[in-house]
Structure formats: structure tokens, C-alpha cells
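> no sequence on hand, only this structure:
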């Protein structure tokens, strides 16, 4: 049975030039990956923070060749969490839901920066409409 915890954490590693080295987005209690496997980490790797922040979701869907709604939804969760963390890291609070996305730690080392952000579940999950009902309308 899957755990019912929907709180997640994203851990981001940047190099000394603020370029993305890696990130991990997973549920807090069970460490199960959220998203992953769709190529988003690889797509972002090596890009500067400013470039990652300005990535458009619709462009990513096309560039990564994601046709399934589940893949697109998981990409959206990763993209939104990564963008919010990097916006906050750069000191920008505009358009960041600070009740949902909260930086836990920023650790500076000589050759890298590690950012950890807590990601709360949305207050209300979006209502899902079955395909057969969408097609009928």
C-alpha cells in the first residue's frame, strides 16, 4: 500500500558557478521519487540557475517528448518545485507560494551549493475528470 504522506523534499546541487549538477525530488517519509525517469534532470544538468528558472513547461513537454498525461503531470511537479526552490535561492519571492514551498537549508561549500526545500501538498488536489466525460462534453 502506498504511503499517504504527500509532503516532499527537493535537494538541489549547484556547482561553484550556479550551474545545476543534480536534483532529487522525493516524498519525505518514504523517499520514493516524485517524477524522475522522464529525462528532466538530464535536460537541466549543466544549465545556469537563471536558465533553469526560465524554462517553459510547454517547451519541456515537447523537448522531452512526453505524450502521456501522467508523465506530463510528474514533469509539472518537478518543474514547479525546482523553479520555486531556485527562485527562492536567488532571493525572488514573486510568484512563489511560500506556504507550500519553504527552503529548509542552503549549505555553501567551496565547490558547490546544496539547497533543500520542503514541498507541502496542495491544499486542495485538482479534480480529475475521466476521459470519457471530457470527450462527451
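Great, that's in hand. The model shown is predicted, which means the values in this text are computed figures rather than measured ones.
> what is residue 12 paired to in the beta sheet?
With DSSP bridges applied, residue 12 shows beta-bridge pairing to residue 23, residue 115.
> could you pull up the residues touching it?
20, 22, 23, 82, 85, 86, 89, 114, 115, 116, 117 (C-beta atoms under 8 Å, 6 or more residues apart in numbering). Glycine gets a C-beta too; all of them are placed from N, C-alpha and C.
> could you turn the buried ones of the residues you listed into a PyMOL selection?
Remark: buried members of the contacts of residue 12, expressed as a PyMOL selection using 16 or more other C-beta atoms under 10 Å:
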select buried, resi 20+23+82+85+86+89+115+116+117
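> now the residue most central in space within the chain: which helix or strand?
Taking C-alpha atoms, centre = their mean, the centroid of the chain lies closest to residue 78, which sits 2.4 Å from it. Element membership for residue 78, per DSSP states H and E: helix 69-89.
> wait, which of the contacts of residue 12 is closest to residue 101?
Residue 101 lies nearest to residue 117 out of the contacts of residue 12, by C-beta to C-beta, at 6.0 Å.
> ok, and the closest non-adjacent residue to that closest one?
Counting by C-beta to C-beta, 6 or more residues apart in numbering, residue 85 is the residue found nearest to residue 117 once chain neighbours are left out, at 4.2 Å.
> ok, the one you found to residue 65 distance?
25 Å (C-beta to C-beta, to the nearest Å).
> residue 85 and residue 113 touch, don't they?
No. At 11.3 Å, residue 85 and residue 113 do not qualify as touching, with contact defined as C-beta atoms under 8 Å.
> which ones are touching the residue nearest to residue 117?
Contacts of residue 85 (C-beta under 8 Å, 6+ apart): 10, 12, 101, 103, 115, 117.
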